[in-house]
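Asker: Sharing a model prediction with you, sequence too.
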Protein chains: 2
Amino acid sequence: MTEEQHRGPLSEEAFVDWLTREGTTRYHDHHPFHKLMHSGNLTKLQLQQWVLNRYYYQTRIPIKDALIVSKSEDSNFRRIWLRRIQDQDGQHEGQGGLASWLELARGVGLDVDEVRNFQLVLPGVRFACDGYIQFVRESPLLEAVASSLTELFAPALMAQRLEAWKHHYPWVSSEALGYFQMRISRASLDSKHAIEWVVQHAITYELQERCVRALIRKAEILWHMLDCMSMAYVEPGRGLEGATYDQRHSQAAAQS
Amino acid sequence: MTEEQHRGPLSEEAFVDWLTREGTTRYHDHHPFHKLMHSGNLTKLQLQQWVLNRYYYQTRIPIKDALIVSKSEDSNFRRIWLRRIQDQDGQHEGQGGLASWLELARGVGLDVDEVRNFQLVLPGVRFACDGYIQFVRESPLLEAVASSLTELFAPALMAQRLEAWKHHYPWVSSEALGYFQMRISRASLDSKHAIEWVVQHAITYELQERCVRALIRKAEILWHMLDCMSMAYVEPGRGLEGATYDQRHSQAAAQS
């Protein structure tokens, strides 16, 4: 294949295949931490810390989506994308995805104020989430939207998670699992719009490649969050399993 | 008054007085271009060019508001501020403030496609509007919100404009004036929320001063847009009155 041919845009089908292939293999459902979670092998404390750390990511979503809205010159696009912010913030106080996540936090026995103040969020989780916001802030609209395409793989993971939690962690009430339930249908709708828009606007091979790279970057962010949680709460070594990052550090300091 | 006393925060009343004083004196309703408009002394072409140039500003509003939303960590704030974007973009295609402004453009006899493509927007109007977006992008949330406070003075101007247009420019249909009508009530609601939020969050004298400066900056932006239009269409000199910027330049080039 000549350079010239190589640079022509891929067909819609080939481009979507490429995105799907990269996304499927890199999505965080393959992460050991998720495998432990879905096979019922996380302790209560590990599950709690996942909920607590992941809340920081959740709170970045409406910020990321507002940045995406701010990059669009198209009322139709903005109108549709705005729903994502509304889904997280709700129509009234106490509604919406962020409130549901706090319900989940309550459901796993966390102190909600401790979750909201982000004090116990792992540094690496913060770096990854803040890196996501920075990426969206600095990227053109197309790549910012493409980075959201991990949601293509979310409905399957949410459905799996819902079943796994009900089965393995029955001490968490069904009501606390509302967020996962809601995301099954919402992520399908959102990702359908996003992929159609990306396919329509990635009109050169270079743009298609940038979209794939953006999706990979986003998958790395999600993956790295679980790496951090594994390091802190699953394999912290030397009998520190399950301790918070701060506890481990003060303990390590006391030992040195 | 000692330095110490000087730096204590002003009372809510004194702070609002300060904002109101600076805003009232600097608001663009005092601009000669507006005075010509409201006394019925703009030509059809001048009125058209105002509508055309101002449309660029209008299209910056949802972008500015999305940036403001992206700066907030508070679901309640975001939920309320989001309405501004919805007001401009509408619930459905063809609705909302931007669509109303295009109705106005049609009503004054402009080619709507020419308005939408921004080709005839004056360079200085672009600089001012882009400067506003840049200011909001780079400012903390408080100052970004404070810069929106020119809307405190919008309802009075809108009411005045509505009457003036009906009286002096009867060739513009009432239906085309929907934007001004809508803004009378919306700007009151929006500015009430914004000023309450600003008063609540500007808790030091320094922050209050920054808010006043942000409001002044915004007033300068609105004022400068009218300066540009005056220079291009009211006092272009040498018999070029009413010509577009490009026409004047090609004419000037032909004469040199």
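Answerer: Yep, it's here. Numbering: from 1, shown residues only, chains lettered A, B, ... in the order given.
Asker: excluding its backbone neighbours, what's nearest A:Arg183?
Answerer: A:Met158 (4.7 Å; Cβ to Cβ, 6 or more residues apart in numbering or on different chains). (Each C-beta comes from the backbone N, C-alpha and C, glycine too.)
Asker: What of A:Gly131?
Answerer: A:Ile221 (6.3 Å).
Asker: And the helix or strand hosting that neighbour, what does it pack against?
Answerer: Using DSSP states H and E, A:Ile221 sits in helix A:205-229. Other helices and strands packing on helix A:205-229, by 3 or more Cβ pairs under 8 Å, 6 or more residues apart in numbering or on different chains; DSSP states H and E, are helix A:3-7, helix A:12-26, helix A:32-38, helix A:44-70, helix A:123-138, helix A:141-146.
Asker: ok, 7 Å please
Answerer: On a contact count with 3 or more Cβ pairs under 7 Å, 6 or more residues apart in numbering or on different chains; DSSP states H and E, helix A:205-229 meets helix A:12-26, helix A:32-38, helix A:44-70, helix A:123-138, helix A:141-146.
Asker: Check the spacing between the spatially most central residue of chain A and B:Glu73 real quick.
Answerer: For chain A, A:Leu222 is the residue whose C-alpha lies nearest the centre (Cα atoms, centre = their mean; 5.4 Å). The gap separating A:Leu222 from B:Glu73 is 21 Å, by Cβ to Cβ, to the nearest Å.
Asker: Repeat that for A:Gly97.
Answerer: 15 Å.
Asker: if you count what's nearby, which of those two comes out ahead?
Answerer: Neighbour count, other Cβ atoms under 10 Å in any protein chain shown: between A:Gly97 and B:Glu73, A:Gly97 has more, with 23 against 13.
Asker: Go ahead and confirm that one touches A:Asp87.
Answerer: Yes - between A:Gly97 and A:Asp87 there is a contact under Cβ atoms under 7 Å: 5.5 Å.
Asker: Would you list the phi and psi of A:Ile203?
Answerer: The phi and psi values for A:Ile203, taken as degrees, to the nearest 10, are phi -90, psi 0.
Asker: still on that earlier bit, ok, now which ones touch the residue nearest to A:Arg183?
Answerer: Residues near A:Met158 by Cβ atoms under 7 Å, 6 or more residues apart in numbering or on different chains: A:180, A:183-184, A:187.
Asker: Nearest to chain B, out of these: which one, please.
Answerer: Nearest to chain B among the contacts of A:Met158: A:Arg183, at 17.2 Å, using Cβ to the nearest Cβ.
Asker: Please point out which parts of the strand or helix carrying that closest one sit buried.
Answerer: For A:Arg183, the host element (DSSP H and E) is helix A:178-201. For helix A:178-201, the neighbour count (16 or more other Cβ atoms under 10 Å in any protein chain shown) marks A:178-180, A:183-184, A:186-187, A:190-191, A:193-195, A:197-199 as buried.
Asker: A:Glu163 and A:Val172, how far apart?
Answerer: 13 Å.
Asker: of these two, who's got more company?
Answerer: More crowded of A:Glu163 and A:Val172, by other Cβ under 10 Å: A:Val172, with 19 against 12.
Asker: residue contacts, that one?
Answerer: Contacts of A:Val172 by Cβ under 7 Å, 6+ apart are A:107-108, A:165.
Asker: Surely A:Arg84 touches A:Ala66?
Answerer: No - when contacts are counted by Cβ under 7 Å, A:Arg84 is not listed as touching A:Ala66 (9.4 Å).
Asker: Find the residue closest to the residue nearest to the centre of chain A in space, skipping its chain neighbours.
Answerer: A:His28 (4.3 Å).
Asker: Quick one: residues contacting the one you found.
Answerer: Applying Cβ under 7 Å, 6+ apart, the residues near A:His28 are A:34, A:222-223, A:226.
Asker: Report the backbone C-alpha coordinates of the helix or strand where A:Arg106 lies in CSV.
Answerer: A:Arg106 is part of helix A:96-107, with elements assigned from DSSP H and E. C-alpha atoms of helix A:96-107 as CSV (Å, rounded to 0.1, in the frame of the first residue of the first chain):
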residue,chain,number,x,y,z
GLY,A,96,-28.9,12.8,39.0
GLY,A,97,-25.9,10.6,38.7
LEU,A,98,-23.6,12.3,41.3
ALA,A,99,-26.4,12.1,43.9
SER,A,100,-26.8,8.4,42.9
TRP,A,101,-23.1,7.8,43.4
LEU,A,102,-23.4,9.3,46.9
GLU,A,103,-26.2,6.9,47.5
LEU,A,104,-23.8,4.1,46.5
ALA,A,105,-21.3,5.5,48.9
ARG,A,106,-23.8,5.4,51.7
GLY,A,107,-24.8,1.9,50.6
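Asker: how close does A:Lys35 sit to chain B?
Answerer: Applying Cβ to the nearest Cβ, to the nearest Å, the value for A:Lys35 to chain B is 33 Å.
Asker: Likewise for A:Pro170?
Answerer: Where chain B is concerned, A:Pro170 sits at a distance of 30 Å (Cβ to the nearest Cβ).
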